[in-house]
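Peer 1: Curious how this folds, go ahead:
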Amino acid sequence: MALKMHPSLAVHVGDWLKSEIVVPAGVSVTDLAAHFGVSRQALSTLLNGNANLSADMAIRFEKAFGVKADTLLRMQTAYELAQARAHEDEIKVRKLAEAV
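Peer 2: Numbering: from 1, shown residues only. Below you'll find the model as predicted:
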């Protein structure tokens, strides 16, 4: 039996990056965006939980702060799955018969 994570336990990776990495580092979003070579808007949207983390952005965080891109992407996937599970009853799909 698979364990089911309650959606309230899933944290958007952007929120986590902001509170655990960016703010403690004391770097502004503007300066970090410039360092990463991305727009301030793109970084801000991620850090405010309004955009998903891309593999490229995960690598940028890994190179700048040492946090593994793989870990960040797993956090993103866990968050997305928790969001989908929160409304899985609305997804109307029957099991496909093994012999069609």
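
Peer 1: Show me the strands in this structure, by range?
Peer 2: Ranges of strands within the chain: none, based on DSSP state E.

Peer 1: Isn't Ala25 up against Gly66?
Peer 2: No. The criterion here is CB atoms under 8 Å, and Ala25 misses it with Gly66 at 11.2 Å. (Each C-beta comes from the backbone N, C-alpha and C, glycine too.)

Peer 1: Which one of these two is surrounded by more residues?
Peer 2: A count of neighbours by other CB atoms under 10 Å puts Ala25 above the other of Ala25 and Gly66, at 11 against 8.

Peer 1: In this protein, where's the longest helix?
Peer 2: helix 69-85 (DSSP state H).

Peer 1: other SSEs contacting that one?
Peer 2: On a contact count with 3 or more CB pairs under 8 Å, 6 or more residues apart in numbering; DSSP states H and E, helix 69-85 meets helix 13-17, helix 55-65.

Peer 1: Any chance of JSON lines for the ones you listed, columns distance to Leu73 and mean neighbour count?
Peer 2: Listed next are those as JSON lines, based on distance: least, CB to CB, whole Å; neighbours: other CB atoms under 10 Å:
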{"stretch": "helix 13-17", "distance to Leu73": "8", "mean neighbour count": "21"}
{"stretch": "helix 55-65", "distance to Leu73": "5", "mean neighbour count": "16"}
